[in-house]
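Engineer: requesting a structural model of the entry that follows:
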Amino acid sequence: MTPVKHREQWLVDGGMVNPVPVSLCRALGAERVIAVDLNADMLSRRAVDIQEADSSNRLDKALNRIQDIPWLSLLGEGLGTKTQQWVNDFKRDSAALPSLVDVLTQSVYIMQMRITRARMAGDPPDILLSPKLGHIRLVEFHRATEAIEAGYRCAETSTAAILAQLR
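Structural biologist: Next comes the predicted model:
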């Protein structure tokens, strides 16, 4: 997804303008197009709990360090309680609000979905495979094996339709 400079132009992932390039396949001479829409299940994608748990864990560790500093006890007994209330409010508010990255990522998902629908309405594939990948986020490349297995299962359930197109 890193942009590449080619002949004085910056090129980015083609999925940004044509996520399921049915028209390109036809332009290249394909008689039948079996398309795979990796984004069909995108709106079910959720924020990864690991990041929230990690930041929550760091917050708890920081709170414990603050409470273990002896001179802070001179400021009064209420400091620990007030700090704990602040941390609890912060956790509650943070869980309710998506991060900037979450908003931008979800925006990209929505744009890709809309572009895909618009393009396929004008030039639909003969067969459309839509593996369930909503549980995998945009840049979770380390989960490639899981995504490939989901694609395999999706293709397997569509075998009859695929074979019928080939006849």
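Engineer: tell me where the chain has strands.
Structural biologist: 4-6, 9-11, 34-36, 127-129 (DSSP state E).
Engineer: domains of this structure?
Structural biologist: 4-46+100-166, 49-96 (automatic domain parsing).
Engineer: for the shortest one, what is the average pLDDT?
Structural biologist: Domain 49-96 shows a mean pLDDT of 57 in the predicted model.
Engineer: kindly report the same for stretch 8-15.
Structural biologist: 88.
Engineer: neighbouring contacts of that stretch?
Structural biologist: Applying C-beta atoms under 8 Å, 6 or more residues apart in numbering, the contact partners of stretch 8-15 are 1, 3-5, 21, 112. (Glycine included, C-beta is placed from N, CA and C.)
Engineer: identify the residues contacting residue 18.
Structural biologist: 24, 115, 119.
Engineer: tell me, how many residues neighbour the residue nearest to the second one when sequence neighbours are not counted?
Structural biologist: Take residue 115 and drop its neighbours on the chain: the residue closest to it by C-beta to C-beta, 6 or more residues apart in numbering is residue 19, 5.9 Å away. Using other C-beta atoms under 10 Å, residue 19 has 21 neighbouring residues.
Engineer: could you pull out the buried residues of the lengthiest helix in the chain?
Structural biologist: Secondary structure of the chain read by DSSP state H shows that its longest helix is helix 100-122. By 16 or more other C-beta atoms under 10 Å, the buried positions in helix 100-122 come out as 102, 105-106, 109, 112-113, 115-116, 119-120.
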